[in-house]
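*Asks:* Give me a 3D structure for the following:
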Amino acid sequence: MSDVYTFSTLDGKTYTRQLFGLEAAAAVFSEGDIFHYSGLCSVQFPTAPNVDQLLPAVRASWLRLRHLSPAIAMTSSRLPDKAWLYTYTVPESQSAAERWARDTVISYEDELSIVERQLAIADRIWRPSAGRHALELHFGPANKAEGKWVFAIRGPHVHLDGRAAIPLLEQLVRYLQEELVSASPAPAWGTEPQRLTATAVVLTGEFDKYMAAVAASPPAGPPPPPAGFVPFLPPPVYDPSAKAYSVSRLVVFDQAKTEKMRDLCRARGRTMTQLIDSIVAVSHVEAHLREAQAAGGERFDTLAGLYENATNWLLPLTFKDQRPALREHLTLQSPKGTSLFAIDGYNLVLDMGKIRSAVAFDKATGTFARSTNEFWDSTVAHYVDTWGQQKFDLTNFVARWAGFHAGLDEVSAEKVSIPAAVTSSVGDIDRLGMMRDLKPGSGKVVVHDILMAVNSNNPLLIAVYWSFNGKFTLHFHGGGAYHSDRAMDTFAGTFESWVDALLA
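*Replies:* You can find the predicted model right below:
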């Protein structure tokens, strides 16, 4: 059965495979105009090049990156039976490859910071069925006089995840560093398809065995919510006049504060992910209450009642990178290539009482009472226990993707367009060994910052976070029609104040 999800060719020129599981679900989501991924980095060159000087080197580097990871130039389409298909076509010549580079590299003259550039391209979306190439490369100056430029790799989330975006950016910068010194020879087109990978769960080696077992004994579907289930999902606030496609706030901690957070986690026997996701949970609830309090009237009454009566807080989507288990496909440099979408997706349903114990709210007086002890002993402990019920071995990785695939008819952008929070930990980039010799003080070309974003103009609050160059960053962002600047300030400010309280 895995054959259909593994690239094959009849003529040595065109390669195809079908999509499976979470990647097929991600295609459905992006078909509904949500979940477009951007991985960005800010780069400083030792000289101050202009766009005309950079453009040929950028295109050449993008071509080399395609040869290393041909998945960036795939196209996707939807078949009559609603299955999804990936297609990769070997360039018939170097000039054909260069046409692809001209079509997918977009340059800008205006100076924008890395955050501003992300917001400027946030509404550049396309549906996976449109027949366009998987990813685009955007670049423009942040400060021309200082030689600072921002590079962004962007496309529907099905074509790219965070742990793939960073090595792609890293390799792009390395190629660019070389191309600015001396142009490289044209890649040997036709050899790159050996690095086209099967769908991630096929790479586990467990796929056929699991699917045969499922065919012999189909698993039961997910149980319905228990009686009396009331999720904390505030009614969305929709502003059709909003001009911004996305609203964004960065929470950045310097090296000293980041290390204090790590020390705190070590002292408590918790991981940074367990801490951050738990803070996002209590901050999400508290910030919604504070915004409703400011609005007053019916909005306040509704949110206060929801706070009191909700049984559960939902984390509808969160992720785990499964590449470390795919040893033959671990990195871009792996001879057989690596998947650009190899994340394990799952949800967590937390007891709302464990959140109320940490952030108590008195409707009558409008006052909040935080308890850091309850946060650790109740909220975090409950998060860890709930997370611990997930099994991340390869068989369960396959099982979760198979569950997504079996439920594809029920998957839609509308069903995840809810006022919940979605978290994603990209990880500690320094400890992963990425961009090691591109950090400040380590070379001629320097990567100062990175930024990850998942753009959707819907009510979801996206919280993507990582550590780079010793600094922790959390990127809160969401649809401009559903999140005002004030509301995003409240989310970010509440999160920061919780961190400060825990470090006090």
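*Asks:* and Asp409, how many neighbours?
*Replies:* Using other C-beta atoms under 10 Å, Asp409 has 8 neighbouring residues. (Each C-beta comes from the backbone N, C-alpha and C, glycine too.)
*Asks:* Quick check, pLDDT for it.
*Replies:* Looking at Asp409, its pLDDT is 92.
*Asks:* Please report the distance of it from Tyr482.
*Replies:* Relative to Tyr482, Asp409 is positioned 27 Å away (C-beta to C-beta, to the nearest Å).
*Asks:* And for Asp52?
*Replies:* 40 Å.
*Asks:* show me the contacts for the residue lying closest to Gly131 once chain neighbours are set aside.
*Replies:* Of all residues not flanking Gly131 in the chain, Thr75 sits nearest, at 5.5 Å (C-beta to C-beta, 6 or more residues apart in numbering). Going by C-beta atoms under 8 Å, 6 or more residues apart in numbering, Thr75 touches Tyr86, Thr87, Tyr88, Thr89, Gly131, Arg132, His133, Ala134.
*Asks:* and what of Ile121?
*Replies:* Contacts were defined as C-beta under 8 Å, 6+ apart; by that measure Ile121 touches Ser38, His138, Ala152, Arg154.
*Asks:* secondary structure element for Glu116?
*Replies:* helix 114-121 (DSSP states H and E).
*Asks:* typed the wrong thing, it's Tyr465
*Replies:* For Tyr465, the enclosing helix or strand under DSSP H and E is strand 461-468.
*Asks:* who's in contact with that strand?
*Replies:* 162, 258, 272, 276, 280, 284, 419-431, 435, 449-450, 452-454, 456, 472-478, 483, 491.
*Asks:* How are the helices of the protein distributed by residue range?
*Replies:* Here the chain has its helices, by DSSP state H, at 21-31, 51-68, 94-104, 114-121, 162-179, 207-216, 255-268, 272-295, 297-309, 352-356, 372-374, 381-388, 394-406, 485-503.
*Asks:* Deepest in the core, which of those helices is it.
*Replies:* Mean neighbour count, computed with mean count of other C-beta atoms under 10 Å, is highest for helix 21-31 among those, reaching a mean of 26.
*Asks:* name the helices or strands packed onto that one?
*Replies:* If you count contacts as 3 or more C-beta pairs under 8 Å, 6 or more residues apart in numbering; DSSP states H and E, helix 21-31 packs onto strand 75-78, strand 84-89, strand 148-156, strand 343-351, helix 394-406.
*Asks:* rewinding a little: I'd like the distance from the strand holding Tyr465 to the chain centre, please.
*Replies:* Distance of strand 461-468 from the chain centroid (C-alpha atoms, centre = their mean, to the nearest Å) equals 8 Å.
*Asks:* and that strand, average pLDDT?
*Replies:* 98.
*Asks:* Let me know the angle separating it from helix 485-503.
*Replies:* 50 degrees (axes from the mean of the first three to the mean of the last three C-alpha atoms, to 10 degrees).
*Asks:* what pairs with strand 461-468, and is each one parallel or antiparallel?
*Replies:* When pairing is defined by DSSP bridges, strand 461-468 lines up against strand 421-428 (parallel), strand 471-479 (antiparallel).
*Asks:* wait, which of the helices of the chain is closest to Asp11?
*Replies:* Among those, the nearest to Asp11 by C-beta to C-beta is helix 94-104 (15.8 Å).
*Asks:* tell me the mean pLDDT for the closest one?
*Replies:* Computed over helix 94-104, the mean pLDDT rounds to 98.
*Asks:* Contacts only, for the closest residue to Val446 other than its chain neighbours.
*Replies:* Nearest residue to Val446 in three dimensions, chain neighbours excluded: Gln44, at 4.6 Å (C-beta to C-beta, 6+ apart). Listed by C-beta under 8 Å, 6+ apart, the contact set of Gln44 reads Glu146, Gly147, Lys148, Trp149, Val445, Val446, His448.
*Asks:* mind redoing it with 7 Å?
*Replies:* Residues near Gln44 by C-beta atoms under 7 Å, 6 or more residues apart in numbering: Glu146, Gly147, Lys148, Val446, His448.
*Asks:* What is the burial count for the third one?
*Replies:* With neighbours defined by other C-beta under 10 Å, the count for Lys148 comes to 19.
*Asks:* can you pull the contacts of it?
*Replies:* Ser42, Gln44, Pro141, Ala142.
*Asks:* How far does stretch 324-334 sit from its chain's centre?
*Replies:* Relative to its chain's centre, stretch 324-334 lies at 19 Å (C-alpha atoms, centre = their mean).
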